[in-house]
Structure formats: structure tokens, C-alpha cells
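Visitor: what follows is a predicted structure for the sequence shown.
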2 protein chains.
Amino acid sequence: MQLFYNPGLAEETKEFTFDSAESKHMIKVLRKKVGDALQMTNGKGLFLFATITDNNPKACTVEITDYKKIYPTKHRLHMVVAPTKMNDRYEWFLEKATEIGVHEITPVLCERSERKSIKMERFQKVIQSAMKQSFQAYLPIINPIITLTEFLDQPQQGLLFIAHCEDMERFELKRKLAPDRPTTILIGPEGDFTKTEIKMAEEKGYVPVSMGKTRLRTETAAIVACSTVALTNNG
Amino acid sequence: MQLFYNPGLAEETKEFTFDSAESKHMIKVLRKKVGDALQMTNGKGLFLFATITDNNPKACTVEITDYKKIYPTKHRLHMVVAPTKMNDRYEWFLEKATEIGVHEITPVLCERSERKSIKMERFQKVIQSAMKQSFQAYLPIINPIITLTEFLDQPQQGLLFIAHCEDMERFELKRKLAPDRPTTILIGPEGDFTKTEIKMAEEKGYVPVSMGKTRLRTETAAIVACSTVALTNNG
């Protein structure tokens, strides 16, 4: 079973016509026929069950037969991660974080960031595709890139962490997590946060944490953090 | 600080000359000079501390000044993972598993495996490079590809798990893990293990497990498994 995404879908939607690109993909590539069942989501907690009523490869139309509302998780994970030098590593993080579970992502520019810009449209596609692939009803939010200083000036609720590798006092992330809480985790660039950045975050209430005994790349640390939060919150 | 790898290094090694490719890389790319310090490992638990004594770009030579033995972890993780359709997804698993912590990897051919062969040399390079990057003294072992049936016929010690998504009784992996134990985890291909394969594994003592609430890709499930084992064993 495949999942399709359109942010415009609602509980009231009774019929839906895909745009020409998606219609072509559905009929010519996936070879869907009239009567075939499929599932759709609006990325905001709604699953719609549909049947193809018109297999027009330019305007494939479905009838909605049922819907299901998925409640949001009690916890909420916000990953604040510096862009990696190589774009594909950040895209891996986005894909894996979406599969494992993340609610909001903010790329942050740090003192040691070598990459200063991101490809927002591409990132959004990666997240959408991972949501569909892992059959989820919520699309993670990705925010525009901002500087760490700007980010730290925004008040955040819940548990706040900064993961780093500096030789300063740190706690194990898993020991400081708690279920059902909003959680924000900062992950630095290749070369890590500077000591000044770490102190600045600590002053804003971010608890310094480590993620195990090995030295992890930016995107690996971010995925291990998502996995640790998921383990803390799943049952 | 960078880590270099050579399986021939030993506690007795007093001097070492890099081959021409590594010498060129070290002198021409990394621009190392006489007197520069570096660290090396044999991938078998030994770290050697060295100083460059000859910056010959065809035969860079170092003097070993000290060494440190790293004890193996008490637990031992063997990941038995079906090759993914796309090679890069498996390589990504190898890189991340090495960073997070894995001791042995066996690619297994399952009924639904679409890819039947792997690039062993390339895989070994990925693992070596991840070991160096994450500054570890042990190189994970990667075994040749075998069929699931062949693998299940080999006796394994410790905790045995098969992760799958079928609608059959499963336990949460994290609840069945225990620290300091040898652990073997089977992860199936895209399309999952067949029910017959799952039953065959269960008959050999493998406990069926799930890894959280979302549907994970092969390589994501494998990484989440490594991360869960690392969390169970780190402290």
C-alpha cells in the first residue's frame, strides 16, 4: 500500500483529483487502475482511504471512502542541527529523523559552520517522501535557517539540550530525557560548537549532553538523538 | 587529530613507513611536516602515537612514541542485514553502525532480496573510513554474503533477535536487550522477511522484535537497532 500526500486534504474531502505530474506517475509508473485502493494524508494527522474512479493520466481522480484521525504524540521533538558540509548528509538526517520520529527541524548557522545556505525546496521533498515511505500522518516542519544566536533568543519550552564533544561536564542524553515532554536538542557542525556557543546555550538553560562513547558525525549524532527520544517515548 | 589504520601495526612497532598512496595523501593533501604528531590503530584494540620523521611523499615515515591498549566492550553486536536495493543505503548503514558501535556484520540473502551481490572491497573501505573518522581502535568484521538459511544453521551465542513488520506477536527490542551480552539481530530486505523465514528463525531461538512505532527502511531499522544496543550498554 502506498501513501500519497496533499496538504489540502480535509475530513470533508469527498473527491480528489491529482495534479498532472502525480496523475502521470500514478497511472503510467505505478499502473494504478479504476477501483484500486490507496491511502492519502494531509500531513496534519489525517489518513484518507480512497478508490480510483478515473485513471486519466493527466487528472487521476479518487473517491474518498473513509478517514481516520491520528492523535499527535504527547512528546514533541525539535531538532536544531547545523547544516553539514555535504548536503547529502543533511538529507540523510532529514530522511532518517522523519522515519524514526521528529516534529520540527531548524537548521542553525554556527561559528564553525562551513555551509551557510540550504536548499529548502529539496529538503522539504526529502521530508515528504520519508513521511510517505514510513506511512505517517504528520509532516515534520522544517524552518528557515537562522543563526544559533537568533535561535537561542527564541524562548523554547520543555527539555533543552546541547550535544557537544568538548571536554566539559556533560550528561548522558538518555539519563536526562523524560517521556511526554517537548524536547529541543542542538547539534553542532563538523568541528563542533565553540566553547562560547556552549556557554551561551547553557546560560539559556540548555543542558550539555553526550550521545554515547564514540565520536559521531553531525548527522549521526542527530539520528542517535532522535532514536533515543523515540525509545524514551515509545511505551 | 587524525587516525590512520594499518592492520600490521603491533605493540612492538617502533617505526612505520606508509605506502606511496597514503604517503602522498599525508604530505601533499594533509600537508603534514616532520615533527607532526599523529595517531594510528591496527583495528584490533591498539592505538599508537607517532611523530613524522621523514616527509617523503612516496614513503612517509613515522616513529612510534607510545601506545595504548583499548579493552574490547563486554557486549558484542552482530548485525545480520539483508543488502538494500540501492548500494548507497547499505553503505550508509555500514558507516553509521561503525560510528555508533557494531562488532560484526553479515549481509544475508533472503527470499525477497532483490540485490544478490555486494561490493565487499567498497564495503570494507566504508567501514575503515568510519572507524578512523569516529576514532575507534576496533575495526568491525564484515563477513561474505550468505543465505539466511545458511546463517541460521550456524550456532550463535547470546541474545538472538529477528526484527520484522509482519502482523505476528513481537516484543519491543529495548525490553528484551540486556547489557554485556553477545547480541545478534536479523534485519530483512525491502519487503521484509517472509512468514516462513520468520518461523524458521523463531525455531532457531530468534525472538521476534519491533523497533518502535513507525515503518522503518532496512538501513534505518539496522541503525536504530545499533543505537538501541549502544544505549543499553553505555553506562
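Guide: Nice, I can see it.

Visitor: nearest residue to the residue of chain A found nearest chain B in space, please, no chain neighbours.
Guide: Closest to chain B within chain A is residue A:227: 4.3 Å, counting by C-beta to the nearest C-beta. (Glycine included, C-beta is placed from N, CA and C.) Spatial nearest neighbour of residue A:227, excluding adjacent residues (C-beta to C-beta, 6 or more residues apart in numbering or on different chains): residue B:227 at 4.3 Å.

Visitor: residue boundaries of the strands in chain A?
Guide: A:3-5, A:15-17, A:37-41, A:46-54, A:61-69, A:76-81, A:104-109, A:141-142, A:146-147, A:159-163, A:171-172, A:182-187, A:207-210 (DSSP state E).

Visitor: neighbours of residue A:8, how many?
Guide: Each residue near residue A:8 was counted by other C-beta atoms under 10 Å in any protein chain shown, and the total is 7.

Visitor: and the strands of chain A as a markdown table, adding mean pLDDT?
Guide: Formatted as a markdown table, the strands of chain A follow (pLDDT from 0 to 100):
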| stretch | mean pLDDT |
| --- | --- |
| strand A:3-5 | 94 |
| strand A:15-17 | 96 |
| strand A:37-41 | 96 |
| strand A:46-54 | 97 |
| strand A:61-69 | 96 |
| strand A:76-81 | 98 |
| strand A:104-109 | 98 |
| strand A:141-142 | 97 |
| strand A:146-147 | 96 |
| strand A:159-163 | 98 |
| strand A:171-172 | 94 |
| strand A:182-187 | 98 |
| strand A:207-210 | 96 |
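
Visitor: my guess is residue A:123 meets residue A:93, correct?
Guide: No - using C-beta atoms under 8 Å, residue A:123 is not in contact with residue A:93, being 9.9 Å away.

Visitor: quick one: the biggest helix by length in chain A to strand A:104-109, angle?
Guide: Ranked by number of residues, the top helix in chain A under DSSP state H is helix A:218-233. When axes from the mean of the first three to the mean of the last three C-alpha atoms, to 10 degrees is applied, the directions of helix A:218-233 and strand A:104-109 differ by 150 degrees.

Visitor: so what's the nearest residue to residue A:149 once chain neighbours are set aside up against?
Guide: Using C-beta to C-beta, 6+ apart and skipping the chain neighbours, the partner closest in space to residue A:149 is residue A:200 (7.3 Å). Applying C-beta atoms under 8 Å, 6 or more residues apart in numbering or on different chains to residue A:200 gives the contacts A:148-149, A:152.

Visitor: what pLDDT is listed against residue A:200?
Guide: At residue A:200, the model reports a pLDDT of 97.

Visitor: and for residue A:167?
Guide: According to the model, residue A:167 scores 88 on pLDDT.

Visitor: contact residues of chain A facing chain B?
Guide: A:92, A:96, A:99-101, A:133-136, A:172, A:174, A:212-217, A:220, A:223-224, A:227-228, A:230-231, A:234-235 (C-beta under 8 Å from any C-beta of the partner chain).
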